[in-house]
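Trainee: Structure, please.
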Amino acid sequence: MLAFLKIENLVLVQKAEIFFGPGLNIITGETGSGKSAFLSAIRLLCGERADPQQIRKGASLAIVEASLSFFSPELLAEEGISLPETGQPLRVRREIHLSGKNRCFIEDQQTSLSFLKKCVGSSIERVDQSSSHSLSSSDEQRRLLDIYAQIGDEITSFARAYAEEQAKVAELEGLIQAQMQKEKTLEWANRDLTLIQEIDWKPEEEESLAQEHHRLIHSQELAEKIGSASFLLNEGDLPFLPSLKRCHLSLESCIRFDAKLQPLADALKSAFLELQEVGSSLQSYTDGLETDPRRLSAIEERIAAIEALKRRFGTDQKGIDQLKETLTAQIDKLVRLDDELATKKQELEQIRAKNKTLAEEISGKRKRAAQNFQFDLLFQLKSLNLPHVQLAIDLQERPMASQGIDEIQFLFSANPGLPPLPLDQCASGGELSRLLLAIKTTLSENEKNGCLIFDEIDSNVGGQTAAILGDRLKNLGSSRQVICVTHFVQVARCASHHFLVSKSQENGIASTHISPLIKEVDRQTEYSRMLGKIEN
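Mentor: Residues are numbered from 1 along each chain as shown. Okay, the predicted model is just below:
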């Protein structure tokens, strides 16, 4: 239920607060008094796009607030919005700035316009002349029949199953395309994998090859310089190691004269032993130094092969390893493609068979419901001053889609002797309005929640029919909240709550006001104005 509506600086409204009640709420007022401002406020709450020109002249910000006692806690939880306290209504607010900026709030938490539309849309349903014309849509007629048949859960389940089927179809088509390219793809994959396997690029191999290559191209220089160092240590005119050894022996012979020389003698001995080891290592290095041109050529070929591999696949050694795994998996999948294709075909056939059964079950429920629905609608329509009305709900089979296999069409005729035809070919605006009210009345038991707003649904009907419409709206208000904007006193007399919209001038600027008509004398005065008995 829409319990409260507050408007600031919207169109001609400077500030207004409306406390709606259960049952039938009626809004009346002179043409041009500003009733559209209140409908605009509700449309903004329902997520329609805002126009800064809707902001009242002289203001920079328009605000619309509402309290809703019916909402979806699950929907709010999915969006991460805190629920109101137990028993409290949901607070919704929208701000429209002159700059064009919009902000939406639910429970003082900012949210998106799309979510505001989704959230409030589950609480408020608007019906106007455009809604009447939307009845001509086959999809809308199907939706209404499904509500009557109470098969919403089945439709949702079927839509998921159909989406699964379509995904399987797309998957199968992909496999068929892959099969058509199988030989060529397999040839390319095997060629790339063979190349990678032949190169067999090891981790850190590139750095190791670079170091060895650098050493080999300088092997001659290394041999010469290391040989020179070895010569100085062991040979030459004054070989260093023999001289160091003699120095050590001389110093050691002096220890018997002064024991303080022992550390120095030990240091010389240690130095001699270490240098002797260096000399031995240099000799071993020289002996093992490779200068074979064939080894250098092999390393250069290996480096070139790795560089070619990097250029071909545009990645490093780790990436090549990953590519190798990918190619191996791809080849394995291609080899098993025929088996996978057969499996997927079988799965698709099973899903299609299951969905066909589900669709036929849904179609059967629709056909049974259509008979009762059209009977109930005919009863309502005849009571709405259409004594010669004919209505048929026609179901024709169509290719399977997300909503089943049924093409649904309402056939209508209000005049005797004329066969029922599709709505867009025969029904007038007044007849469509009555049909829509008949539908809402018939579906009232299945649509108890939320608020139903009628914007001059009684347009294009006569006074006698308006009295019947008013009675139907009042009955509809017994099962859900109804808000109706009307110009007919016959409809207004049925109100549980009556609000009057009026317009005045303040400082030369028009301003719209709304006030509840609580006293019977005030209502009678408004009825007289609506009948033209009171001049404004």
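
Trainee: Contacts only, for Leu500.
Mentor: Listed by Cβ atoms under 8 Å, 6 or more residues apart in numbering, the contact set of Leu500 reads Ile27, Thr28, Gly29, Ile514, Ser515, Pro516, Leu517, Asp522, Glu526. Yep, even glycine has a C-beta here, placed from its N, CA and C like the rest.

Trainee: try 10 Å
Mentor: The contact partners of Leu500, taken as Cβ atoms under 10 Å, 6 or more residues apart in numbering, are 26-30, 33, 35, 492, 513-517, 522-523, 525-526, 529.

Trainee: List only buried entries from those residues.
Mentor: Neighbour-count burial (16 or more other Cβ atoms under 10 Å) is assigned, among the contacts of Leu500, to 26-29, 33, 35, 492, 513-514, 517, 523, 526, 529.

Trainee: Backbone torsions only: list them for Ala3.
Mentor: Backbone geometry at Ala3, expressed as degrees, to the nearest 10, gives phi -90, psi -30.

Trainee: Let me see the contact set for it.
Mentor: Applying Cβ under 10 Å, 6+ apart, the residues near Ala3 are 18-22, 66-70, 89-90, 451, 481.

Trainee: what does Arg160 give?
Mentor: Per Cβ under 10 Å, 6+ apart, neighbours of Arg160: Ser402.

Trainee: Over to Ser478?
Mentor: Counted by Cβ under 10 Å, 6+ apart, Ser478 has contacts Pro22, Gly23, Leu24, Ser444, Ser496.

Trainee: mind redoing it with 8 Å?
Mentor: Gly23.

Trainee: where does the residue in the chain sticking out farthest from the centre land in three-state SS?
Mentor: Of all residues in the chain, Phe257 has its C-alpha farthest from the mean position, at 97.9 Å, by Cα atoms, centre = their mean. Here Phe257 is recorded as coil under DSSP: H, G, I helix; E, B strand; the rest coil.

Trainee: Kindly report the same for Ala510.
Mentor: strand.

Trainee: For the strand or helix carrying Thr328, give me every contacting residue.
Mentor: For Thr328, the host element (DSSP states H and E) is helix 317-335. With Cβ under 8 Å, 6+ apart as the test, helix 317-335 has contacts from 178, 182, 185-186, 189-190, 192-193, 196-197, 201-203, 205-206, 309, 313, 315, 340.

Trainee: Just the ones in helices from those, please.
Mentor: 178, 182, 185-186, 189-190, 192-193, 196-197, 205-206, 309, 313, 340 (DSSP state H).

Trainee: Output stretch 200-215 in CSV with nothing but the alpha carbons.
Mentor: Provided in CSV are the C-alpha atoms of stretch 200-215 (Å, rounded to 0.1, in the frame of the first residue of the first chain):
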residue,chain,number,x,y,z
ASP,A,200,62.1,-28.2,-25.0
TRP,A,201,63.0,-24.9,-23.5
LYS,A,202,64.0,-25.4,-19.9
PRO,A,203,63.5,-22.9,-17.0
GLU,A,204,66.5,-20.6,-16.7
GLU,A,205,68.2,-22.2,-19.7
GLU,A,206,68.4,-18.9,-21.6
GLU,A,207,70.5,-17.3,-18.9
SER,A,208,72.8,-20.3,-18.6
LEU,A,209,73.3,-20.4,-22.4
ALA,A,210,74.1,-16.7,-22.4
GLN,A,211,76.8,-17.1,-19.8
GLU,A,212,78.4,-20.1,-21.5
HIS,A,213,78.3,-18.3,-24.9
HIS,A,214,80.0,-15.2,-23.3
ARG,A,215,82.7,-17.5,-21.8
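
Trainee: if we can go back for a sec, out of the contacts of Leu500, list just those in helices.
Mentor: Lys35, Ala492, Asp522, Arg523, Thr525, Glu526, Arg529.

Trainee: returning to that earlier point: any of the contacts of Ala3 buried? List them.
Mentor: Burial by neighbour count, judged by 16+ other Cβ under 10 Å, picks out Ile18, Phe20, Pro22, Ala66, Ser67, Leu68, Ser69, Phe70, Pro89, Leu90, Cys451, Gln481 from the contacts of Ala3.

Trainee: Include distance to Leu241 when you put those residues into CSV, please.
Mentor: As requested, the buried ones among the contacts of Ala3 are exported to CSV (distance: Cβ to Cβ, whole Å):
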residue, distance to Leu241
Ile18, 111
Phe20, 111
Pro22, 114
Ala66, 102
Ser67, 103
Leu68, 101
Ser69, 104
Phe70, 103
Pro89, 102
Leu90, 97
Cys451, 107
Gln481, 111
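
Trainee: Specify which member of the residues you listed is nearest to Glu349.
Mentor: If you rank these by distance to Glu349 using Cβ to Cβ, Phe70 comes first, at 44.5 Å.

Trainee: list the contacts for the closest one?
Mentor: With Cβ under 8 Å, 6+ apart, Phe70 has these contacts: Met1, Ser122, Ser123, Asn449, Gly450, Cys451.

Trainee: Looking at pLDDT only, which of these scores worst?
Mentor: Within the contacts of Phe70, Asn449 has the lowest pLDDT, namely 65.

Trainee: Let's have the contacts of Phe70 in a markdown table, adding distance to Ser270 and secondary structure.
Mentor: Shown next, in a markdown table, are the contacts of Phe70 (distance: Cβ to Cβ, whole Å; DSSP: H, G, I helix; E, B strand; the rest coil):
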| residue | distance to Ser270 | secondary structure |
| --- | --- | --- |
| Met1 | 100 | coil |
| Ser122 | 92 | coil |
| Ser123 | 95 | coil |
| Asn449 | 98 | coil |
| Gly450 | 98 | coil |
| Cys451 | 101 | strand |
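
Trainee: Highest neighbour count among those?
Mentor: Neighbour counts for those (other Cβ atoms under 10 Å) peak at Cys451, which has 24 neighbours.

Trainee: Of all pairs in the contacts of Phe70, which one is the farthest apart?
Mentor: Met1 and Ser122 (12.7 Å).

Trainee: For the two, list the residues in contact with both.
Mentor: With Cβ under 8 Å, 6+ apart, Met1 and Ser122 have common neighbours Phe70, Gly450.
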